[in-house]
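Trainee: A predicted structure for the sequence below; I have some questions about it.
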Amino acid sequence: MTLRLLAYILVMAGVTYLVRMLPLLVFRRKIRSRFVQSFLYYVPYAVLGAMTIPAVFYATGNMTSAIAGFTVAFILAYFGRSLTVVALAASAAAFAAEVAAGWF
């Protein structure tokens, strides 16, 4: 292992530690503001969406199949279906759109 690689690992470990430790140091008391509480409640969902949604549209061979899978997933999730059902149906819809695009 080179010295440069070790330096990269140590810097990333330090950054990861600070990101996890700073909120504990900054917010010592209970957060009473309803606005801040609601903001912090939705942060994980917003970050997950920001990371996932762009990847959805580039995961297939073309945009049409990606949109088909996303649309099916969105509709099923909106109606409260389980994650397994949503994932399988979205995959099937994207696959069907890919097959249909190959025929035309």
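Mentor: Arrived safely. For clarity, every value in this text was computed on a predicted model and none was experimentally measured.

Trainee: where along this structure do the helices fall?
Mentor: Along the chain, counting by DSSP state H, helices occupy 3-26, 34-57, 63-78, 83-103.

Trainee: now, of the ones you listed, which is deepest in the fold?
Mentor: Among the helices of the chain, the stretch with the highest mean neighbour count (mean count of other Cβ atoms under 10 Å) is helix 63-78, at a mean of 17. From N, CA and C alone the C-beta is placed, and that goes for glycine too.

Trainee: which outside residues touch it?
Mentor: The contact list for helix 63-78 (Cβ atoms under 8 Å, 6 or more residues apart in numbering) reads 56-60, 85-87, 89-98, 101.

Trainee: what about 7 Å?
Mentor: With Cβ atoms under 7 Å, 6 or more residues apart in numbering as the test, helix 63-78 has contacts from 56-57, 59-60, 85-86, 89-91, 93-94, 97-98, 101.

Trainee: mean confidence score for that helix?
Mentor: Averaged across helix 63-78, pLDDT comes to 95.

Trainee: start the count at 758, not 1, going forward
Mentor: Sure, I'll start numbering at 758, so the last one becomes helix 820-835.

Trainee: got the CA coordinates for that helix in PDB?
Mentor: Taking C-alpha atoms only, helix 820-835 is exported to PDB below (Å, rounded to 0.1, in the frame of the first residue of the first chain):
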ATOM      1  CA  MET A 820     -34.900   6.700 -22.000                       C
ATOM      2  CA  THR A 821     -38.300   5.200 -23.100                       C
ATOM      3  CA  SER A 822     -37.800   2.000 -21.000                       C
ATOM      4  CA  ALA A 823     -36.500   4.000 -18.100                       C
ATOM      5  CA  ILE A 824     -39.600   6.300 -18.200                       C
ATOM      6  CA  ALA A 825     -41.900   3.300 -18.400                       C
ATOM      7  CA  GLY A 826     -40.200   1.600 -15.400                       C
ATOM      8  CA  PHE A 827     -40.300   4.900 -13.400                       C
ATOM      9  CA  THR A 828     -43.900   5.500 -14.200                       C
ATOM     10  CA  VAL A 829     -45.000   2.100 -13.100                       C
ATOM     11  CA  ALA A 830     -42.900   2.400  -9.900                       C
ATOM     12  CA  PHE A 831     -44.300   5.800  -9.100                       C
ATOM     13  CA  ILE A 832     -47.900   4.700  -9.500                       C
ATOM     14  CA  LEU A 833     -47.500   1.600  -7.500                       C
ATOM     15  CA  ALA A 834     -45.600   3.300  -4.700                       C
ATOM     16  CA  TYR A 835     -48.300   6.100  -4.700                       C
END
